[in-house]
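Chemist: Need a 3D model of the sequence below.
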Amino acid sequence: RRTRSASILIVGPCGSGKTLLFYRLVHDETVDTVSSMQPNESPASPDGLPLRLVDLPGHYRLRGLLPDELECAQAIIFVFDA
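Modeler: Modelled structure (predicted):
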């Protein structure tokens with residue numbers, strides 16, 4: 001099992017805007033996105049603390065990725081489109 005740094009997870013149903021939020025937070029830009037089939041991740045360092053920002057796909061076949069990522073999660077951002 002590999003060691004991972006503490007993470008902030010972006011999770012939610014498919015098509016809810018997780019990847020759009022990820023790109024907005026990481027790159028400060030709005031991009032056109034399609035449903036992700038693999039996680040997006042980027043280092044983040046608020047206040048100098050090493051963290052990973054992880055956008056997990058919402059597709060039902062990929063929900064198995066969540067339990068492993070939860071072990072290192074310091075926070076979870078749950079996104080849904082109302």
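
Chemist: residues in contact with the spatially most central residue of the chain?
Modeler: Central residue check for the chain by CA atoms, centre = their mean: the C-alpha nearest the mean position is that of Asp55, 1.8 Å away. Applying CB atoms under 8 Å, 6 or more residues apart in numbering, one finds that Asp55 lies in contact with Ile10, Lys18, Thr19, Leu21, Phe22, Ser36, Pro39, Asn40, Glu41. Where C-beta positions appear, they are placed from N, C-alpha and C, glycine not excepted.

Chemist: so what's Val54 bridging to?
Modeler: Leu9, Glu41 (DSSP bridges).

Chemist: Quick check: it touching Lys18?
Modeler: No - here Val54 does not reach Lys18: they are 10.0 Å apart, not a contact under CB atoms under 8 Å.

Chemist: more neighbours, the two?
Modeler: Looking at Val54 and Lys18 with other CB atoms under 10 Å, you find the greater number of neighbours at Lys18, namely 28 against 24.

Chemist: Show me the helices in the chain, by range?
Modeler: Secondary structure of the chain (DSSP state H): helices at 18-27, 66-70.

Chemist: With distance to Pro50 and mean pLDDT as extra columns, can I get those in TSV?
Modeler: Below are the helices of the chain laid out as TSV (distance: least, CB to CB, whole Å; pLDDT from 0 to 100):
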stretch	distance to Pro50	mean pLDDT
helix 18-27	15	88
helix 66-70	16	84
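
Chemist: Of those, which stretch is the most buried?
Modeler: Among these, the stretch with the highest mean neighbour count (mean count of other CB atoms under 10 Å) is helix 18-27, at a mean of 18.

Chemist: That helix packs against which elements?
Modeler: In terms of contacts (3 or more CB pairs under 8 Å, 6 or more residues apart in numbering; DSSP states H and E), helix 18-27 is packed against strand 7-11, strand 40-44, strand 51-55.
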